[in-house]
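Participant: Got a predicted model here, sequence first, then my questions.
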Amino acid sequence: MAKKSEKKQVIKKGIAKRLSLIITIGMSLLVLILIGAGVLAALTLSFNIYNQKTDQIAHMCSKLIDGDYIEELTDDIYDKSFSVIKSIPYGTIRENAVKTWLKSHGYLEEFEAYGIVLDRVKETMGASYIYVTTIDGDVAMDILDPDDIYNSVGYETILMKEFQDKGINKNEKVEPIITNGQYGWLSSGGYPIYNSKNEAVAVVFVDVNVVDIISSVAIFVIVEFILSTIFVILIIVFVVNHVKKRIARPVEQLTKAVDEFANSDELDASSIVKLNINTGDEIEVLYNSTQKMQENIIEYMENLTKVTAEKERIGAELNVANQIQADMLPRIFPPFPDKKEFDLYASMVPAKEVGGDFYDFFMIDDDHLALVMADVSGKGVPAALFMVIAKTLIKNRAYMGGTPSEILAYANEQLCEGNEADLFVTVWMAIIELSTGKGIAVNAGHEHPVIRRAGGEYELVVYRHSPAVAVMEGMSFRQHEFELGKGDSIFVYTDGVPESTDSSNVLMGADRMLEALNKNPDAEPKEVVENVNAAIKEFVGNAEQFDDTTMLSFIYYGLTDDKNTENKNSDEGSEGNLKEFKVGANVQNLSQVLSFIDSVLEENGCPMRTKMQIDVAVEEIYVNIASYAYGDAEGEAIIRAGVTDDPKSVEITFIDSGTPYDPLKKEDPDVTLSADKRPIGGLGIFMVKKSMDDMIYEYKDGQNCLTIKKNFE
């Protein structure tokens, strides 16, 4: 199999160099980490030892000094007789003045003895500084310092910041800490000096020089670095040689063999380079897998031509299937030239795949026209076959008579049988009586239809749908009646219209579809469909579409010129914002009442939670009217619904001419009682009261009028 040669890639840095560099850097970092850890451990251990030593010296010194003597000395120093000496600066004059004062007050002999003791402790124990200090607040006053025995007495200094931060005073032990200041690295700590009353009167501070630790650690670091460097170099040499032999060289051989195969002009068995790689690890597995892959590629290339030819054949057959599918849809317009009561036009713009969209229209008899718009789930040949069966079942059953609900129920049973692919079809179907404009429609999970009353604009008709056909056996489909006046139009479509997508993955949406329809609302059906198709094409641009766009436009002219052309419905009407629905007071009509209420709520953006509460209340009130208002006689119920703003709310009024009955007068049930102890009745109206924001009853003109109100927000 011939294959075009490509330019060979140049390896800028081999795997051996990369691995050697990575290993060197990694080992160097490891050495640095080990040295750092060793230094930290050594310093921590040494500092702890010196801190213990400092604490021991301070404790010993505190026991050697008489606290009562220090207390008396301190009290006299704070006396006014010593105040003049405090102001004398350091020097010989101050030394002589202090010595004279100590002698005159009887402190000199014992003072000099303590100085000698502390100096000997400092020399024998290895302390750098020992000094006794009394503390008053934030100010420390030196009492005894063997390094400067007379000059420092009574000299007030600010405590070292390290001790100030610890908040020490003469009553507490000063835990040793490591400091680094003008006197170098020191371990500093202190211990209280107690009098005979066990009261702390001063603190003996001890500083131990730890500079020898730093020197020892520096020597340790140098020795450890040299030894580690030698060790690392030996490991790097060993590892790099091993990597080159066991990894880099086999990988280089394998890379060269694969590159030759990839750039071979003729892919056949001779293109596979055989290598002697027996490393016994992943490299050998990779080599064997590469050999197998090369063999598979050669086999694939040999079959590619056959597969390509087969694909072209299947593509041609799909095109034929697409054409057959399109030919099954009625495409002759006007379809019934002798029928002047209406005009219609439909089109389907298929996507690349064979899909499941279809439309249909046919005369059931001389006065009844059936309109169908449907969309089968899924794509490809299975969806197309399902579409053919569904279209045939619906049409054949319609010719046998019956309502749209009965027709779809029949089709549902037939399509559910043996539906192992779990396909389903959404259907909008209507049967229109041409002589009167009255119609019956059913929506089985399909898109909301669009209607235009004569002289008005196209608007979505939103109401509760039934489930799609072929979802489950034994389903019934909700239907509703409507009436068209002269000049009224209907526009139905599949989801491919609002879900047309542009290059930014933005959907066209129902609003843009309505905008296209209302650009020229007086257009004839063919122009209506063409306008929407043009709007879709402009919106999506060059973006590829994956769903069919199917549309049907219908306009009703009626039989005579004097036919009522106003927007009306035999059961449903509207006046301003208030809509009215008349229905026989029969429990079987509950679904129609709920559909009417839901259409009002959905048009006004009622939240789902609120809508469910309203539905429960409506069901309770209507069932009570149907069950009790007229007894065994037949009667009528009128439901009026209107939506107000600020705050947004819905008011629903139920009117009947039955027996006068005010449900608000009935005493609320005691819900705290158990069901067997609570009297029967009244719970439903009680729940309506609790769920609604207001409830009003009046008996007017021989009619019961019950109004409920519910805020949306």
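Facilitator: Done, it's in. Bear in mind the structure is a predicted one, so any value in this text is a computation, not a measurement.
Participant: From now on I want contacts and neighbour counts done on CA atoms only, so please keep to that.
Facilitator: Will do.
Participant: quick one, helices of the stretch 101-250 of the chain?
Facilitator: 108-125, 161-166, 211-243, 249-262 (DSSP state H, counting those that start in this stretch).
Participant: Which strands or helices does the longest one pack on?
Facilitator: Right, the one you point to is helix 211-243. helix 15-64, strand 184-194 (3 or more C-alpha pairs under 8 Å, 6 or more residues apart in numbering; DSSP states H and E).
Participant: I'd like the ones you listed as TSV, with distance to residue 481 and mean neighbour count appended.
Facilitator: Output for the helices and strands packed on helix 211-243, formatted as TSV (distance: least, C-alpha to C-alpha, whole Å; neighbours: other C-alpha atoms under 10 Å):
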stretch	distance to residue 481	mean neighbour count
helix 15-64	79	17
strand 184-194	99	25
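Participant: Can you tell me which of the ones you listed is nearest to residue 506?
Facilitator: helix 15-64 (47.3 Å; C-alpha to C-alpha).
Participant: show me the contacts for residue 155.
Facilitator: By C-alpha atoms under 8 Å, 6 or more residues apart in numbering, residue 155 lies in contact with 86, 141-143.
Participant: Just list the residues touching residue 426, thanks.
Facilitator: 374-377, 443-446, 468-469.
Participant: Sort out for me which of the contacts of residue 155 are in strands.
Facilitator: The members of the contacts of residue 155 that map onto strands under DSSP state E are 141-143.
Participant: looking at the contacts of residue 155, which has the most residues close by?
Facilitator: The most neighbours of any of the contacts of residue 155, using other C-alpha atoms under 10 Å, belong to residue 143, which has 24 neighbours.
Participant: on that earlier part again, in TSV, list the contacts of residue 155 along with pLDDT and distance to residue 39.
Facilitator: Putting the contacts of residue 155 into TSV (pLDDT from 0 to 100; distance: C-alpha to C-alpha, whole Å) gives the following:
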residue	pLDDT	distance to residue 39
86	79	47
141	82	39
142	86	37
143	86	39
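Participant: Need the residue closest to the centroid of the protein.
Facilitator: Geometric centre of the chain, nearest residue: residue 505, 19.9 Å, by C-alpha atoms, centre = their mean.
Participant: you'd agree that residue is in a strand?
Facilitator: No: applying DSSP: H, G, I helix; E, B strand; the rest coil, one finds residue 505 to be coil, outside a strand.
Participant: tell me the pLDDT at it?
Facilitator: If you check residue 505, the pLDDT there is 89.
Participant: Please apply the same query to the one 3 residues further on.
Facilitator: pLDDT, the model's per-residue confidence, is 92 for residue 508.
Participant: In this structure it contacts residue 514, no?
Facilitator: No: using C-alpha atoms under 8 Å, residue 508 is not in contact with residue 514, being 10.5 Å away.
Participant: For the contacts of residue 155, name the two members farthest from one another.
Facilitator: Of all pairs drawn from these, the widest gap by C-alpha to C-alpha lies between 86 and 143 and measures 12.2 Å.
Participant: intersection of neighbour lists for these two?
Facilitator: By C-alpha under 8 Å, 6+ apart, the residues touching both residue 86 and residue 143 are 154-155.
Participant: The stretch 501-650 of the chain: helices as residue ranges?
Facilitator: All helices of the stretch 501-650 of the chain, identified by DSSP H, counting those that start in this stretch, fall at 509-517, 525-540, 590-603, 608-624.
Participant: Could you dump these into TSV with mean neighbour count and distance to residue 662 added?
Facilitator: Below are those laid out as TSV (neighbours: other C-alpha atoms under 10 Å; distance: least, C-alpha to C-alpha, whole Å):
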stretch	mean neighbour count	distance to residue 662
helix 509-517	18	45
helix 525-540	19	52
helix 590-603	19	22
helix 608-624	17	12
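Participant: Any idea which of these gets closest to residue 341?
Facilitator: helix 525-540 (13.7 Å).
Participant: follow-up on the earlier one: mind checking the helices and strands packed on helix 211-243 for the one nearest to residue 459?
Facilitator: helix 15-64 (69.1 Å).
Participant: next structured bit after that closest one?
Facilitator: Per DSSP states H and E, helix 15-64 leads on to helix 67-77 as the next helix or strand towards the C-terminus.
Participant: ok and that following helix relative to strand 184-194, angle-wise?
Facilitator: Helix 67-77 and strand 184-194 are oriented at 100 degrees to each other (axes from the mean of the first three to the mean of the last three C-alpha atoms, to 10 degrees).
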